[in-house]
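[1] task: produce atomic coordinates for the following.
(one chain, ligands or ions: 1)
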Amino acid sequence: MNSKIKYWLSIFAVSCLLCGCSRAQKPGAEKSSRPEDKKVLIVYLSRTKNTKAVAEMIHRHIGGKLVELELKNPYPAHYQTTVDQVARENASGFLPPLKTFIDSIETYDMVFIGFPTWGMQLPPPFKSFLTQYDLRGKTIIPFNTHAGYGVGSGFETIKQLCPNSKMLKGFSTEGGKERDGILYVMQGSKATQVESSVKQWLKEIGIIK
Ligand SMILES: Cc1cc2nc3c(=O)[nH]c(=O)nc-3n(C[C@H](O)[C@H](O)[C@H](O)COP(=O)(O)O)c2cc1C
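    Here you go, the predicted model:
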């Protein structure tokens, strides 16, 4: 091989190596300790759209991927039938199969989990979600709406199902009262008040400035 060809072959080899290295470094380079560089997933369950409204408020402030948790077999439209079904599922530990699939969950740093209180517990679909997906090493930030009785054991159950995640202080606010025929309430002055509380909470836990 003459020396000119050898020279150009070595230049080619070095540039291939450099190219490979920069590609290999990219995933690490995307990660940063700065909160604004964290990859955010916001997953929520919502029947009458109040929790969805809170999820959208969070999304407006911090962006990220917003995903509704849907079931392969949705709950009945009838309220009391759903309450009874949920009570049976909670008692038996049944984990309803999910229709929603989260692609590449390992790439997210922060996972917001939004749910309505059901039977003073975390709804079964989120028990399925947290059993199905491994959130170890991620920061979990829960939020909730309820009918006036609070979050119940929801936040504690998340902590128990994700012992290897860091969980930040959750947010909980009153939503609808489907039992009394009051469905969607996140509008007008109520929406303004909840949005301001959401903002204050995000500041308090250090997500926004
Ligand atoms: C099956 C079921 C069970 C519920 N159980 C409770 C409860 O135990 N405590 C409570 O405060 N609200 C309860 N609620 C009311 C919801 O938590 C409340 O209306 C919430 O805002 C609904 O959120 P969504 O509009 O996102 O579905 C229940 C609602 C349903 C459908």
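
[2] near the ligand, which residues of this protein are found?
    Within the chain, the positions near the ligand by Cβ under 6 Å from any ligand atom are 46-52, 79, 82-83, 86, 116-120, 145-149, 175-178. Where you see a C-beta, it was placed from the backbone N, CA and C, and this is true even at glycine.

[3] out of these, which sit inside strands?
    116, 145, 146 (DSSP state E).

[4] check the burial of the residue nearest to residue 55 when sequence neighbours are not counted by counting its neighbours.
    Nearest non-adjacent residue to residue 55, counting by Cβ to Cβ, 6 or more residues apart in numbering: residue 44, 4.0 Å away. Residue 44 has 25 neighbours, counted by other Cβ atoms under 10 Å.

[5] my read: residue 44 touches residue 115, true?
    Yes: using Cβ atoms under 8 Å, residue 44 makes contact with residue 115 at a distance of 7.0 Å.

[6] intersection of neighbour lists for those two?
    The contact sets of residue 44 and residue 115 overlap at residue 51 (Cβ atoms under 8 Å, 6 or more residues apart in numbering).

[7] coming back round to it: ok, now how distant is the residue nearest to residue 55 from residue 207?
    For residue 44, the distance to residue 207 equals 16 Å [Cβ to Cβ, to the nearest Å].

[8] before we move on, back to that, show the buried residues in the residues of the chain next to the ligand.
    The neighbour-count criterion (16 or more other Cβ atoms under 10 Å) marks 46-52, 79, 82, 86, 116-119, 145-147, 175-176, 178 among the residues of the chain next to the ligand as buried.

[9] quick one: which of the residues you listed sit in helices?
    Residues of those located in helices (DSSP state H): 50, 51, 52, 79, 82, 86.

[10] tell me the pLDDT at the second one?
    Read that as residue 51. Looking at residue 51, its pLDDT reads 98.

[11] please begin residue numbering at 31 from this point
    All right, first residue 31 from here; so that's residue 81.

[12] show me the contacts for it.
    Per Cβ under 8 Å, 6+ apart, neighbours of residue 81: 74, 75, 144, 145, 146, 173, 174, 175, 205.

[13] give the bridge partners for the fourth one, please.
    Read that as residue 145. residue 174 (DSSP bridges).

[14] rewinding a little: ok, now which ones touch the residue nearest to residue 85?
    Here residue 74 is in contact with 81, 82, 84, 85, 96, 97, 98, 99, 142, 143, 144, 145 (criterion: Cβ under 8 Å, 6+ apart).

[15] try it again at 10 Å.
    Contacts for residue 74 (Cβ atoms under 10 Å, 6 or more residues apart in numbering) come out as 81-86, 88-89, 96-99, 142-146, 156, 173-175.
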